[in-house]
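**Student:** What follows is a predicted protein model with its sequence.
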Amino acid sequence: MANPKLLELCDPDRETLESWLVDFDAAWRDDALAEWVAQRLPAPDQPGPLRLPALIELVKIDMERQWQHGRRLSLGSYLERYPELGTAATVAADLIFAEYQIRRQFDEPVEVSALTSRYPRQAAELVRRIQCEAAERDTSRAGPTAETLAPEPQPGKTLPDTFGRYRIIRKLGQGGMGAVYLAHDTQLDRQVALKVPNFAASERGEMVERFLREARAMATIRHPNLCPVYDVGEIDGMQYLTMAYIEGRLLSEFVRPDQPPSERQTATLIRKLALALQEMHTRGIVHRDLKPTNIFIDQRGEPVILDFGLARRTERRDVALTQNGEVLGSPAYMAPEQARSQAANVGPCSDIYSLGVILYELLTGSCHSWAALSIWNSPRTERRKKVRRADCTTSSPSTRPASRRSRHCSASRLRRWA
């Protein structure tokens with residue numbers, strides 16, 4: 001989870017912090033951080049929880065902007081200037097991870113081993129976060145993508161060349177929930193994407209039920225922007241699910257800071273995704289893990305939502321599976337109520353929030369979640385304001401478009417924007 005101190009803030013404090021980040025980003029200059037620390041943030045001896053969380057978020061923004069302007073500042077330089085951030089032994093892993101991401105963004109990656117030796121006490125958390133980021137990028141692509149991270153053995157069995165009625169062609173990718181293969185359905189003579197989950201022995205019962213819930217959720221709906229499920233079952237003790245094989249590119253491949261899609265293209269795409277989500281929500285289904293690596297752009301240029309690995313029905317009988325405090329989803333796109341493990345509040349509005357983060361990312365070329373409160377970390381102020389006007393990324397679920405009518409109104413605004 002990003003900067004854990006943010007989860008301790010009340011809603012008014014979060015709104016204040018958001019406002020500060022907007023102001024800092026919009027008026028940034030190379031000496032802005034020192035001015036803010038001295039004059040704008042609460043004094044160190046002033047009571048209240050805002051100063052340190054705000055300083056951490058401002059450092060993230062400042063570091064990225066400094067790199068954009070050719071000044072390759074390291075986290076160590078910030079620790080020297082602002083001792084309250086901590087020492088190498090106590091600094092937040094969130095800041096170390098931010099430097100790792102910035103270096104990758106500007107094609108100067110740092111070896112993970114170098115970071116873990118420099119910050120040994122945060123090493124376990126840092127490696128966990130890098131692995132999670134790599135797994136997200138690998139969800140629909142074969143082979144590792146974390147260049148400097150040593151690969152770990154993949155759990156579960158490797159499928160044989162023939163798996164029931166399916167002939168395995170190749171592995172498409174490996175994610176946190178399991179592996180996805182390209183297979184040929186010999187009965188219906190078509191290619192399919194075959195998903196085989198990884199279940200640890202200690203959690204097999206709950207995970208199998210979650211996997212079957214995914215299949216049930218997807219099998220009940222048909223929409224041109226939702227990937228259909230064909231089959232679900234068990235062969236030789238292994239659960240599987242087959243769905244349409246979508247040829248195309250991940251939406252994440254279109255996120256480019258130097259060349260973002262036009263506003264018209266973005267609005268058209270987001271509107272289609274919003275209408276697909278409306279179809280899901282009308283059927284009582286919440287996706288819970290909407291992100292660019294779960295959306296394909298097919299060969300006709302149409303977006304298709306994939307991977308309902310965390311989907312759940314909104315009926316009460318399924319809610320118990322998410323009321324044990326477990327945080328399910330991808331933090332970068334996670335709504336506040338989902339990040340807090342408030343299962344009772346997770347619903348259609350949570351998907352709408354994730355869609356708003358995707359809208360922001362397409363417009364600005366960078367992704368920043370509520371959990372990091374860096375959703376405002378972009379110089380493209382006007383585009384950022386348009387995301388806010390879409391009402392998707394407000395911190396309270398009650399203020400996001402949740403009803404069918406309000407979602408339709410948001411889709412209509414997107415149509416006018418396009």
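**Tutor:** Yes, it's here.

**Student:** ok, residue 190 - contacts?
**Tutor:** residue 184 (C-beta atoms under 8 Å, 6 or more residues apart in numbering). The C-beta positions use only the backbone N, C-alpha and C, and glycine is treated the same way.

**Student:** For it, report the pLDDT, please.
**Tutor:** Per-residue pLDDT puts residue 190 at 95.

**Student:** Kindly report the same for residue 273.
**Tutor:** In this model, residue 273 carries a pLDDT of 94.

**Student:** Hmm, it is touching residue 305, no?
**Tutor:** Yes. Using C-beta atoms under 8 Å, residue 273 is in contact with residue 305, at 6.8 Å.

**Student:** Give the intersection of the neighbour lists for these two.
**Tutor:** 225, 295.

**Student:** all strands for the stretch 251-400 of the chain, in order.
**Tutor:** Using DSSP state E, counting those that start in this stretch, the strands of the stretch 251-400 of the chain run over 285-286, 295-298, 303-305, 312-313.

**Student:** Deepest in the core, which of these is it.
**Tutor:** Highest mean neighbour count among the strands of the stretch 251-400 of the chain (mean count of other C-beta atoms under 10 Å): strand 285-286, with a mean of 25.

**Student:** Point out where the stretch 251-400 of the chain drops to low pLDDT.
**Tutor:** Low-confidence segments of the stretch 251-400 of the chain, defined by pLDDT under 70, span residues 257, 308-331, 339-341, 366-400.

**Student:** Now do the domain split for the chain, please.
**Tutor:** 4-138, 162-244, 248-417 (automatic domain parsing).

**Student:** Pick the most deeply packed of the ones you listed.
**Tutor:** It is domain 248-417: most buried of the domains of the chain by mean count of other C-beta under 10 Å, with a mean of 19.

**Student:** which helix of this protein spans the most residues?
**Tutor:** helix 263-282 (DSSP state H).

**Student:** Quick one: list the elements packing against that helix.
**Tutor:** Applying 3 or more C-beta pairs under 8 Å, 6 or more residues apart in numbering; DSSP states H and E, one finds that helix 263-282 contacts strand 303-305, helix 348-364, helix 404-417.

**Student:** between it and helix 348-364, how many degrees?
**Tutor:** For helix 263-282 against helix 348-364, the angle by axes from the mean of the first three to the mean of the last three C-alpha atoms, to 10 degrees is 170 degrees.

**Student:** Tabulate the CA atom coordinates of helix 263-282 in PDB.
**Tutor:** C-alpha atoms of helix 263-282 as PDB (Å, rounded to 0.1, in the frame of the first residue of the first chain):
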ATOM      1  CA  GLU A 263      -9.100  14.300 -25.600                       C
ATOM      2  CA  ARG A 264     -11.700  13.200 -28.100                       C
ATOM      3  CA  GLN A 265     -10.200   9.700 -28.400                       C
ATOM      4  CA  THR A 266     -10.000   9.400 -24.600                       C
ATOM      5  CA  ALA A 267     -13.500  10.500 -24.000                       C
ATOM      6  CA  THR A 268     -14.900   8.100 -26.700                       C
ATOM      7  CA  LEU A 269     -13.000   5.200 -25.100                       C
ATOM      8  CA  ILE A 270     -14.000   6.000 -21.500                       C
ATOM      9  CA  ARG A 271     -17.600   6.400 -22.500                       C
ATOM     10  CA  LYS A 272     -17.600   2.900 -24.000                       C
ATOM     11  CA  LEU A 273     -16.100   1.500 -20.800                       C
ATOM     12  CA  ALA A 274     -18.600   3.400 -18.700                       C
ATOM     13  CA  LEU A 275     -21.500   1.900 -20.600                       C
ATOM     14  CA  ALA A 276     -19.900  -1.600 -20.300                       C
ATOM     15  CA  LEU A 277     -19.700  -1.100 -16.500                       C
ATOM     16  CA  GLN A 278     -23.300   0.100 -16.500                       C
ATOM     17  CA  GLU A 279     -24.300  -3.200 -18.000                       C
ATOM     18  CA  MET A 280     -22.300  -5.100 -15.300                       C
ATOM     19  CA  HIS A 281     -23.700  -3.000 -12.500                       C
ATOM     20  CA  THR A 282     -27.200  -3.400 -13.700                       C
END
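
**Student:** can you give me phi and psi for residue 168?
**Tutor:** In terms of degrees, to the nearest 10, the main-chain angles of residue 168 are phi -80, psi 130.

**Student:** residues in contact with it?
**Tutor:** Residues in contact with residue 168 (C-beta under 8 Å, 6+ apart) are 159, 160, 161, 162, 181, 182, 183, 194.

**Student:** Excluding residues flanking it in the chain, which one is nearest the third one?
**Tutor:** The spatially closest residue to residue 161, leaving aside those adjacent along the chain, is residue 168, at 5.6 Å (C-beta to C-beta, 6 or more residues apart in numbering).

**Student:** beta partners for the one you found?
**Tutor:** Each beta-bridge partner of residue 168 is listed here: residue 183, as defined by DSSP bridges.

**Student:** Just the local confidence number for it, please.
**Tutor:** What the model reports as pLDDT for residue 168 is 96.

**Student:** Over to the one 5 residues further on?
**Tutor:** Among the per-residue scores, residue 173 shows a pLDDT of 77.

**Student:** Could you measure from it over to residue 290?
**Tutor:** In this view, residue 173 and residue 290 are 18 Å apart by C-beta to C-beta, to the nearest Å.

**Student:** Please apply the same query to residue 347.
**Tutor:** 13 Å.

**Student:** Kindly report the same for residue 126.
**Tutor:** Separation of residue 126 from residue 290 (C-beta to C-beta) stands at 26 Å.

**Student:** can you check residue 116 too?
**Tutor:** Taking C-beta to C-beta, one finds residue 116 at 32 Å from residue 290.
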